[in-house]
Structure formats: structure tokens, C-alpha cells
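Engineer: Provided below for reference: sequence and predicted model.
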Amino acid sequence: MSAPTTQRPETSLAREVMALPTPSIGRRILTTIGVQNISLLIAIIALVAVIGSQNPLFFGIDNVRVIGTAIAVSGLLAVVQTVVIIMGALDISVGSIAGLASVTSAMIFTVAGPLLGVVGALGIGIACGLLNGCIIVFGRVNPVIATLATLAAFKGIAQLVSDGRAQGYTGADGFFVFLARGTLIGIPVLIWVLIVLAVLMHVVLRYTSIGRNIYAVGGNDVASRLAGININRYILGVYMMTGAVAAIAGILITARTGSGQPVSGSEGLELESITAAALGGAALKGGKGTIMGTILAVILLGILTNGMTLLDVNAFWQNVAKGGLLVVAVIIQQLRSGERRIGLPA
Amino acid sequence: MNASTRTDNTAEPDGVVLSARQIGKHFGPIVALTGVDLELRAGEVTAIMGENGAGKSTLLKILTGDYQPDSGELRLGGEVMNFTDPAQSRAVGLRVIAQEPEIVPHVSVAENIYVGAIGHQGLLFNRAKLERQAAADLATYGFDRIVSPQTIGSQLSAAQRQVVEIMRAVIDKPRVICFDEPTSSLGDEESALLFALINTLRSEGVAVGYVSHRMNEIFRLADRITVLRDGKLVGTKAKADTDHNDLVKMMVGRDLSQLFSRERQVAGDPVIELQDVSTDDVSNIDLTVRAGEVVGVAGLVGAGRSELMKAIVGDLPVTSGTVLVKGKPVRFHSPADSIAAGIGFAPEERKAEALIMQRTVRDNIVLAILPKLARGFFVSEKREKQVAKTYVDQLRIRTPSTEQLVKNLSGGNQQKVVLARWLAHSPALLVLDEPTRGVDVGAKAEIYSIIDELAQQGVGILVVSSELPEVLGLSDRTYVMAGGRITGTLDRSEATEESILALAMTDTRASAAL
């Protein structure tokens, strides 16, 4: 028996196959988008073609801006929801955290100015996320149940502190107006916030040890633990990060509406975020998903909503269309997985 | 030690009830059974013995219809049976008592016993009547002392679950009943009741099959003993024609395979020492591994070997005793601590505990050393690929590239990915739990030579294995465990399959129900 370091003929073949070729430009673009996202891209192109042929207003720069600002808030939540889902968990409370952050940012702003308003809202968001994480890790509560509970509780707190009404008036404050209507290089600040967060999360997931460990925890938590990953720290950290981003979303809601909104503007965002993540290819069992996929899904959903509005499609039918799109997309993904059709899907 | 309690109406076996002829079964490339014959006769207890992996459980699963044999035939009362489903074997009076029974967690013992056979009155079933009947049936066999009909399934102990499973079978009045290591989860009292039950069944003319590792049980209960080894029939003997040593020889007697290369140097200083270590699962463990030494841990399934390994790497808490790494006392609170101390651990359940199946070979190899490869938080994919490729080459992992998903690799190559993960960490101690389980023979030999080479490089290696030739071939020293304790330590010169098996079958329960 030869020692394992000696070379055998077959390894030379492996070496040839494994030599890393310099990828062409086209291949690079493909790698960046991700092969699994091609179908989303095709869907977007098809949708744009259909809607654009029916209503030329669709291609106007103003309309593109409308779509962009409309998806900014739900896009933020979809991006962090993707991270949570990759880790194998779920956060249903993001909408409620956004609502709570919205009212508190406006209330603190009223007495202490915009900076403390933003910092205070962020602090509250992080605290909410930490509470979610603690309930899950130390209370051993399933993430769906835990955040379903805090979805109700955080919403209740937002209604309690605001007495159920919009709070403060930020519509005259330069900072909040800049957030809501300002532009940088012609692109609305709202969209910049989403771009910055999406790029940041993409880089973290793809190029840092933190991101790689999040995939590992979602893929196999026991193996991750035995490989020395402190999985509790990751779960708490991801939920705190999610709380912080939900708070940013809440601050943007305050900026757009000119006052702190306990419920309106944030209710239902949790489901939109999960829809976008699932449509973007994130697997609810964890370990799989990309920010690129989620962003494409957010854009697809944004265009769908906008286009159907332009084409005068009844709002009720819009909901049916979104639901249908999600089911069809996931069925297509699952068909490719080749799983046997017995019992509940893995 | 036998005759006093045995009912003696079994002297004239009135014929074969169940016969299996030339049974063969393979799973992919792994041959589980070839040409096995088994006869179970009315009013007789036939013991089925063999080492771990000899094919006993596979044989039982073929009897029940869980598996279908690739060759051979099964006859019950002279008729050929082709079971495709366990329900079919139950319907014709053939029952196997599962080692780990399925218990419905939220309903009572009474409902669990009559599961599938609950009598209905209109749409409702009569709970009180059911419980009365269960109580009566339990009392018949003395099990009413062990478990009450009202207890909820999820609250049952392992022994009580076993009792429920036994009752399910017995109330059916089966013609054939097989027990798969029934006493492994039973205490003394339950075991004694079980033996009485088996004697009753025998006197009622039931054909009984009894799988067990425990010699004294076998000699107390069995009329005939069938021995399997490596999926083949070694032979069947009447109890009077054999003894303890003879059975061990039949179970073991194979040539040491020529898979092992050994070029060992003199062992160095201890890399890990356990002094009187206890955990929830193991007690008073003293164990040392030196640099450059391969230390085996043998024992039967359930002896506490895996639990000890998990305690060593910090995944299960050490409750008392001292652990020294390179002479310094340590207390690990998590695997991260033991990894930092230079310990690598390849757990028993490769897919469930070691690998992230839907990630790449590269991701899995660098998992434990990501912080080392990272600059700040940023990891360089290029460096990762270099590291991964180094070990793919060195361990000859057969994969088209480092970017292949681990789930697409064969079992042997998956195991090499796990080894690569820890080699990349340059460990002082490598803990390997069943490193060659589910691995084909070629990959096995490669894994052995990797282990040998690591030892030559001065790594201390602790190997748990249920395959005795593997333990003997690899180990410089072997610890044998039974019942959560180390029952003996054998140097290379003293270790034989017989000596290991004798220590592994040491009854740590002193006078178990016999």
C-alpha cells in the first residue's frame, strides 16, 4: 500500500479538470447573476416586453423611479429575510419591527432631533432582534412560532406607545425629506439604501467567513457546531442584524409618509419579504439562496405590481397573480430537484 | 445455570415453522447476506448470533418484509412467502420485536398496544374497555408492574417502550416471533419477565428467534444457535454441542485482512490523557493517546464509545475527572475549544453530523479553518481552492473538481473530505468514530494508509470501530468498552478478536437477571 502523498495516474486527469481557467467576460456575468437566476431574468424580460407593448408610459424614467422607490422598503426586508432563511430560520416579525421603529423614530425625532430619532429606532430594532434570537436559542422555540408571537407583540407595543395613531411630523425635516425624495447622481436615496444594503449583504455572504458560516449553519447545524462554529452567536447576530435593517425600513416609512406609522405601511411586509426570498431561490430548509436571486425577485414583483396597475388590473387580481407566480416558480425549482412526490417536501 | 427454569416440553421439536433458504441481499455494491439458511421450529428458541454488521438485522428485516431478498426463498408452514410489506408478514402470524419500537407519542399505552387493531363502537372507540383489556393482557405476563395502560406514549422509558412493542406482538398470538436484542434496553426486572414470557411462548409451541450479543442469555434461553459472519451462515448448532469459546470462534474466525500498512515509530508524549472521567453516559474513564500512536476503542453498539468521543471533543459535558491535553488540564465547553486545542473529530454519522451535503468539496474541507484562511473577515476563494486542491490530491478524493457538491460523491470520498477538513487543521489528536462505515473496500484501505501516515507524522489517533479486524489492524493499543465503562486495555500483542469480544461482552450489570 503506497502512502497517500504519492501520485497515481488518475490524479493527473483530475488535475487537468481542476486547473482553473480564466473565465470569459460572458461567463463572468453569468457567474455573477447565477445560473439558477436566469429564469428570473427571463421572466423579468418577458414581463417588461408584455407590459411595455401595452402601455408605453411603462418605459418612462419617472415610472422606473416609481418602481424603484416602491420596492425599496420591501426590498430591504427581503434581503435580510434571505439571510435568515439561508441560516435555516425565518423572521415573521420584520414588518412589526419596522412599524415599531417607524413610530419611535418619529416620536424621538420630535423631542430630540433626527439623529437621535434614527439611532433610537435602530437601537429598538436591534433589541427586538435580540429578543427574537433569545426566545429561539434559549427558549427553544421554533423560529416560525417565536417570530409569529413577536409579530403580534411588537405590533401591539407600537400601537400602545402611539395610541394607535400616526406620530410626529417629519415632513419638514431636511434629513427625512432627503431620505424620502432626495437623489444622488439622479438615483433616489431610497434606492441607494437598498443598493448599499444588498451589495453589503452579497459581499458578506459570498466573501467573508461570517457569510460562509451562515450557509454552513443553515446547511447542517450539527456539522457546523462540530466544526467549531458558535452557532448560537450566529443565530443571535443574524436576528439582531435583521432587527436593525427592519428599523431602517421603518425609518424610510416615516420619511416617505412624513410621520411615524405604527401599522400602516409596514403590515404585510413580512409576507412580501418571504415571497421575494422564496421566489429568488432561497430554500426554507436553509443553506441555499442568494441576494442576487432575491433582488431579481423583488424587481420582478415590483414590475408586476406596477405593470398591472398601469394596465388597470384590479388590485384583487394583482394578489392572485403574485400568489400564482410564487407557486409556479417554486414548483419549477422543485421539479428540477427531482425529489420523489411522497409526503411533505423536504 | 439453565435447566431449573426451563419448561421441558420442547425436547421433541414438532417441525419447522419458518425456513429461509439461501437468502441473499445486497445494497448497491455492499453484500449484506449471501446464501443464509435459517430454521425456526415450533416450541424452540433459536438464537441468532454474530458481530456487528454480520447481517442479523438484515435477515430479520427480510423475514418481516421490510426488505425483499435478492435471492433465496422464505417458507412459512411450508408455503413460499413473498412479503413486500411488513403488514403481510404480520397478517400470517410472523412478528419481529423492533429494537427501537415506533410509539405514538400522544396516546396511551393501551392505544399504543392495540394500534391498528382498536375495536370501534360506531364511530367512537370505548376507551375504558380498551384500557381494561390492556390491563388484563399486561397482567397475564406480569408486565403490569412495569407499565400502566394509561401512561402516555411520550413518557415511556426505553424499557417500557420495549414492553409495549412485545405486547403488541404477543396479543396477536403469532406463530413466529423474533426478538432483536431485546434486553439492550431492559433492566434486570424487565429482562426476567421477558425470559419468563419467552419460556411461556415456547411451551405454547411458538417458534422463537432471538438475536443477542449476550452469551449468558443465549445459553439460558436458546435451544439451537445460528451464527452469521460477514453476511454468511457459519453454522447452526444445538446448545449441547457448543460452548462460549466455540461460539466466539464461530463469530470471529476470519483471516486478518491484509489491508493494513504499519510503519510506526516509537510513540511520543501523551497528547491527551483522561483521568477518571465521567459524563452522563460513561463512567470512570482512564485513557491516554500519545503522539504517533493509534489507539482503538472497541465495544458493542451502545457501549458508550461515541458518547465518550463527543465528551473528549467538548460536544458533551464532562461531569467529573480530569482531561489533560499535552500535559495541561483543560475543560472544553464546545467543539470550538477542542479544535483550538488541536483536536479534530470525524463523527460517526457522516451525513448528519459532519458534512454539509449541498455545499461544495471546497466549502466542506475549509469549514473548520476558515478563520485561519481569512484576512480580517474576508476569505480568498483562491486560497481556499488551493487548500482544497492540496487535500483532494493528497487524499486522492475522486471528484471532478473542488467545486463539486459533496452529495454527489461516494461514501468513501465523502469520508475523505471529512478527513481532509481535519488534516487542513494540522491536529495533534484526531478522533475518528467509525471512519470506514459505509465505505467500500478500496477506500477503506486508503483510509487505513492515511491513518498510518498521520501516525508516522506524529499525530495521535483515537479510532472507534465496530469492526474488529479494523481495530486489530490499526491499533497500537485497544481500549474495550461495555456499559459505559472501560472493561479492559489490550496491547497490540494481547489483542485478538476473542480477547476483545470477551471484554466487550463483560456484563457490567454484574448479575443481570440470570
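Structural biologist: Nice, thanks for sending it over. Numbers count the residues shown, from 1 in each chain, chains lettered A, B, ... in the order given.
Engineer: So the residue lying closest to B:Val147 once chain neighbours are set aside: helix, strand or coil?
Structural biologist: Residue nearest to B:Val147 in three dimensions, not counting chain neighbours: B:Gln160, with 4.4 Å by CB to CB, 6 or more residues apart in numbering or on different chains. C-beta here means a position set from N, CA and C on the backbone, and glycine is covered the same way. Using DSSP: H, G, I helix; E, B strand; the rest coil, the structure places B:Gln160 in helix.
Engineer: May I have the residues that are in contact with B:Gln160?
Structural biologist: By CB atoms under 8 Å, 6 or more residues apart in numbering or on different chains, the contact list for B:Gln160 reads B:109, B:146-147, B:151.
Engineer: Can you check what pLDDT the model gives it?
Structural biologist: Turning to B:Gln160, the model gives it a pLDDT of 84.
Engineer: next one: A:Val245
Structural biologist: In this model, A:Val245 carries a pLDDT of 97.
Engineer: same question, B:Leu193
Structural biologist: At B:Leu193, pLDDT is 84.
Engineer: unless I'm mixing things up, it is touching B:Gly142, no?
Structural biologist: Yes - with contact defined as CB atoms under 8 Å, B:Leu193 reaches B:Gly142; the gap is 5.0 Å.
Engineer: where's A:Val189 relative to chain B, distance?
Structural biologist: A:Val189 sits 28 Å away from chain B, taking CB to the nearest CB, to the nearest Å as the criterion.
Engineer: That residue: what's it in contact with?
Structural biologist: Per CB under 8 Å, 6+ apart, neighbours of A:Val189: A:178-183.
Engineer: and what of A:Ala89?
Structural biologist: A:Ala89 neighbours (CB under 8 Å, 6+ apart): A:136, A:143, A:218, A:235, A:238-239, A:286.
Engineer: same check, this time on B:Gly321
Structural biologist: B:Gly321 touches B:274-278, B:284-285, counting by CB under 8 Å, 6+ apart.
Engineer: mind listing which of these are in strands?
Structural biologist: B:274-278, B:285 (DSSP state E).
Engineer: rewinding a little: looking at the contacts of B:Gln160, which is nearest B:Gly460?
Structural biologist: B:Ile146 (45.4 Å; CB to CB).
Engineer: what helix or strand does the closest residue to that closest one other than its chain neighbours sit in?
Structural biologist: Excluding the flanking residues, the one nearest B:Ile146 by CB to CB, 6+ apart is B:Val163, at 5.3 Å. Taking DSSP states H and E as the criterion, B:Val163 maps to helix B:158-170.
Engineer: what pLDDT, on average, does the following helix or strand past that helix get?
Structural biologist: Moving toward the C-terminus from helix B:158-170, the next helix or strand (DSSP H and E) is strand B:176-180. Per-region confidence: strand B:176-180 scores 92 on mean pLDDT.
Engineer: from the chain's centre, how far out does strand B:176-180 sit?
Structural biologist: 18 Å (CA atoms, centre = their mean, to the nearest Å).
Engineer: May I ask which helix or strand of the chain has the lowest mean pLDDT?
Structural biologist: Looking at chain A here, since you left the chain open. In chain A, no helix or strand scores lower on mean pLDDT, DSSP states H and E than helix A:9-18, which sits at a mean of 41.
Engineer: my bad, the chain I had in mind was chain B
Structural biologist: Per mean pLDDT, DSSP H and E, bottom of the list for chain B is strand B:120-121, a mean of 53.
Engineer: Nearest spatial neighbour of B:Glu190, chain-adjacent residues omitted?
Structural biologist: Nearest one to B:Glu190, counting by CB to CB, 6+ apart, is B:Ala159 at 4.8 Å.
Engineer: Show me where the stretch 151-300 of chain A has its strands.
Structural biologist: For the stretch 151-300 of chain A, strands defined by DSSP state E, counting those that start in this stretch occupy the ranges A:183-184, A:187-188.
Engineer: Listing request: residues of the chain with sub-threshold pLDDT.
Structural biologist: Let's take chain A. A:1-23, A:30-35, A:336-340, A:346 (pLDDT under 70).
Engineer: other chain: chain B
Structural biologist: Across chain B, the ranges flagged by pLDDT under 70 are B:1-14, B:28-30, B:52-53, B:116-125, B:252-265, B:440-442, B:507-514.
Engineer: center of chain B - which residue?
Structural biologist: B:Val301 (3.8 Å; CA atoms, centre = their mean).
Engineer: want to try a markdown table for the contacts of B:Gly321, with neighbour count and distance to chain A as columns?
Structural biologist: Shown next, in a markdown table, are the contacts of B:Gly321 (neighbours: other CB atoms under 10 Å in any protein chain shown; distance: CB to the nearest CB, whole Å):
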| residue | neighbour count | distance to chain A |
| --- | --- | --- |
| B:Leu274 | 22 | 19 |
| B:Gln275 | 14 | 25 |
| B:Asp276 | 11 | 26 |
| B:Val277 | 21 | 20 |
| B:Ser278 | 17 | 22 |
| B:Asn284 | 14 | 26 |
| B:Ile285 | 23 | 20 |
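Engineer: So the one helix or strand A:Leu130 maps to, near chain B or not?
Structural biologist: Element membership for A:Leu130, per DSSP H and E: helix A:94-137. No - looking at helix A:94-137 against chain B by CB under 8 Å from any CB of the partner chain, there are no contacts, and the closest approach is 13.8 Å.
Engineer: tell me the most buried of the strands of the stretch 151-300 of chain A?
Structural biologist: strand A:187-188 (a mean of 16; mean count of other CB atoms under 10 Å in any protein chain shown).
Engineer: what distance separates that strand from the middle of the whole chain?
Structural biologist: 20 Å.
Engineer: Mind giving me the packing neighbours of it?
Structural biologist: For strand A:187-188, the elements it packs on are helix A:61-86, judged by 3 or more CB pairs under 8 Å, 6 or more residues apart in numbering or on different chains; DSSP states H and E.
Engineer: any residue of the helix it packs on up close to chain B?
Structural biologist: No - if you take CB under 8 Å from any CB as the test, helix A:61-86 misses chain B, and the best it gets is 11.6 Å.
Engineer: Please spell out which residues along that helix are buried.
Structural biologist: For helix A:61-86, burial by neighbour count (16 or more other CB atoms under 10 Å in any protein chain shown) applies to A:63, A:65-86.
Engineer: Mind listing the residues bridging to B:Ile285?
Structural biologist: With DSSP bridges as the criterion, B:Ile285 is bridged to B:Val277.
Engineer: Many thanks, we can stop here.
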